[in-house]
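Visitor: return a 3D structure for these sequence lines:
(one chain, ligands or ions: 2)
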Amino acid sequence: MKKILVTGGAGFIGSHLCEKLLEQGNEVVCVDNFFTGSKKNILHLLDNPFFEVIRHDIIKSLLVEVDEIYNFACPASPVHYQYNAIKTIKTNVLGTTNMLGLAKRLRAKFLQASTSEVYGDPLEHPQPETYWGNVNPIGIRSCYDEGKRVAETLTMDYHRQNNVKIKIIRIFNTYGPRMAANDGRVVSNFIVQALQNQDLTVYGNGSQTRSFCYVNDLVDGAIKMMDSKDEFIGPVNLGNPVETPIIEFAEKIIEMTGSSSKIAYKPLPQDDPVQRKPDITLAGHELGWQPTVALEDGLMKTIEYFESKLKKEKIKV
Ligand code: NAD
Ligand code: UDP
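Guide: Numbering: from 1, shown residues only. Ligands and ions are numbered 1, 2, ... in the order given. Predicted coordinates:
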């Protein structure tokens with residue numbers, strides 16, 4: 001039995017990861033400051049004697065004994081990571097340093113949850129891991145984009161300088177049940193708006209594209225990466241290469257929910273990437289991984305999740 005630390009374990013992806021790692025017979029320590037995460041996301045795991053929750057902010061040092069660390073702590077939605085930009089950078093720089101220091105002391109394996117945002121507004125399409133990106137260092141998204149880029153650098157330097165066993169995954173837009181309804185991301189916004197027959201807020205003209213990966217696929221990829229041979233450290237892209245313009249995505253959600261909502265066009269936020277699609281050739285070769293859940297199937301599960309949430313509470317997005 002391995003003892004595994006998941007930072008950000010009460011968040012959207014983190015909670016699915018904790019669940020899967022427990023299912024596989026591991027002992028899991030979930031660390032979270034509950035900024036964007038919620039106890040509700042892990043309530044169903046609390047009875048498991050092999051699951052432990054620690055309320056802790058990773059920008060402070062942490063002493064636990066574990067074999068592996070999945071570093072997922074960081075708000076992921078633009079609204080939440082811009083809410084306290086300095087805190088976002090601290091989480092990525094100081095928090096990641098702390099977790100790497102812990103990995104070094106324990107000789108634990110460390111996996112960094114990086115992001116497609118390291119490619120910024122990409123000029124190469126689709127994005128392979130070899131692309132260095134096109135990132136604005138001083139814009140409103142920089143706290144996250146540059147924070148995650150430094151986190152990758154730190155991860156590589158702890159590997160080169162201190163022989164820490166590391167893995168870096170670059171996660172592309174991931175969705176599914178337990179996304180925070182109010183965090184402003186497109187999947188939750190559109191579904192919650194459609195289910196309440198409110199207008200769907202499309203930013204810009206909706207021609208910008210994203211590629212959406214269902215959370216179970218992403219979690220499988222992350223665990224495959226952690227369990228892969230030590231020499232393969234990444235970075236590796238994990239995402240679903242099916243690319244969709246946002247306007248088409250809005251229309252799909254309206255159709256799937258049978259909603260009477262219309263489209264309301266809103267200004268495009270600053271530095272919003274025009275296009276995004278992962279090249280997942282490397283993940284295929286090295287991990288034998290590719291997504292298996294079709295967009296419609298994953299969306300159906302996500303719509304059902306928000307439907308049942310909306311039966312209990314009205315949600316304002
Ligand atoms: P989320 O906001 O639901 O989860 C983040 C979790 O981290 C939350 O539980 C939050 O409370 C916790 N947290 C934040 N700062 C912390 C701190 N300083 N100390 C301790 N806990 C802290 O977001 P998510 O979508 O589950 O994303 C998880 C990770 O995956 C993030 O690192 C994110 O950057 C990365 N990622 C996600 C996506 C995506 O599409 N969901 C894409 C790329 C990368
Ligand atoms: N978006 C939108 N309406 C919304 C929320 C987001 O049109 O209500 C757009 C946003 O401008 C971006 C895309 O959807 O082009 C994905 O946004 P999200 O915040 O989910 O993630 P990002 O990939 O930008 O980090």
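
Visitor: drop to CA atoms for contacts and neighbour counts, all remaining ones
Guide: OK.

Visitor: alpha carbons of stretch 164-181, as PDB, please.
Guide: Extracted in PDB, the C-alpha atoms of stretch 164-181 (Å, rounded to 0.1, in the frame of the first residue of the first chain):
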ATOM      1  CA  VAL A 164      14.000  14.300  -7.100                       C
ATOM      2  CA  LYS A 165      11.900  11.900  -9.100                       C
ATOM      3  CA  ILE A 166       9.600  14.100 -11.000                       C
ATOM      4  CA  LYS A 167       6.700  14.100 -13.500                       C
ATOM      5  CA  ILE A 168       5.100  17.000 -15.300                       C
ATOM      6  CA  ILE A 169       1.700  16.800 -16.900                       C
ATOM      7  CA  ARG A 170       0.200  19.700 -18.900                       C
ATOM      8  CA  ILE A 171      -3.500  19.500 -18.400                       C
ATOM      9  CA  PHE A 172      -5.900  20.900 -21.100                       C
ATOM     10  CA  ASN A 173      -9.400  22.000 -20.300                       C
ATOM     11  CA  THR A 174     -11.000  19.400 -18.100                       C
ATOM     12  CA  TYR A 175     -14.600  19.100 -17.100                       C
ATOM     13  CA  GLY A 176     -17.000  16.900 -15.200                       C
ATOM     14  CA  PRO A 177     -19.100  16.600 -12.000                       C
ATOM     15  CA  ARG A 178     -17.800  18.600  -9.000                       C
ATOM     16  CA  MET A 179     -16.700  21.600 -11.100                       C
ATOM     17  CA  ALA A 180     -17.500  24.600  -8.900                       C
ATOM     18  CA  ALA A 181     -20.800  26.000 -10.300                       C
END
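
Visitor: how far off centre is stretch 66-83?
Guide: Chain-centre distance of stretch 66-83: 7 Å, with C-alpha atoms, centre = their mean, to the nearest Å.

Visitor: first-to-last residue distance for it?
Guide: Across stretch 66-83, the terminal residues are separated by 32 Å (C-alpha to C-alpha, to the nearest Å).

Visitor: buried stuff in it?
Guide: If you call a residue buried by 16 or more other C-alpha atoms under 10 Å, then stretch 66-83 has these buried ones: 66-78, 80-82.

Visitor: so which of those residues reach ligand 2?
Guide: 77, 78 (C-alpha under 6 Å from any ligand atom).

Visitor: just the buried residues of stretch 66-83: which are in helices?
Guide: Counting by DSSP state H, the buried residues of stretch 66-83 place 78, 80, 81, 82 in helices.

Visitor: does at least one residue of the longest helix along the chain sit close to ligand 1?
Guide: The residue-count maximum for a helix in the chain (DSSP H) belongs to helix 142-162. No: Helix 142-162 stays clear of ligand 1 (C-alpha under 6 Å from any ligand atom), getting no nearer than 7.5 Å.

Visitor: contact partners of the very next helix or strand once past that helix?
Guide: Tracing the chain C-terminally past helix 142-162 and defining elements by DSSP states H and E, one meets strand 166-171 next. The contact list for strand 166-171, computed with C-alpha atoms under 8 Å, 6 or more residues apart in numbering, reads 109-116, 152, 155-156, 159, 218, 222, 225-226, 230, 232-239.

Visitor: restricted to strands, list these.
Guide: 109, 110, 111, 112, 113, 114, 115, 236, 237, 238 (DSSP state E).

Visitor: can you tell me which of these lies closest to residue 256?
Guide: Nearest to residue 256 among the ones in strands among the contacts of strand 166-171: residue 238, at 26.0 Å, using C-alpha to C-alpha.

Visitor: okay, and the beta partners of the closest one?
Guide: Following DSSP bridges, residue 238 is listed with bridge partners residue 171.

Visitor: what is the burial count for it?
Guide: Using other C-alpha atoms under 10 Å, residue 238 is surrounded by 33 other residues.

Visitor: also residue 136?
Guide: 14.

Visitor: can you list the residues of the stretch 1-150 of the chain near ligand 1?
Guide: 8-14, 32-37, 56-59, 72-76, 91, 113-115.

Visitor: of these, buried ones?
Guide: 8-14, 32-34, 36-37, 56-59, 72-76, 91, 113-115.

Visitor: please, where are all the helices along the stretch 1-150 of the chain?
Guide: For the stretch 1-150 of the chain, the helices defined by DSSP state H, counting those that start in this stretch occupy 12-23, 78-83, 85-90, 96-106, 142-162.
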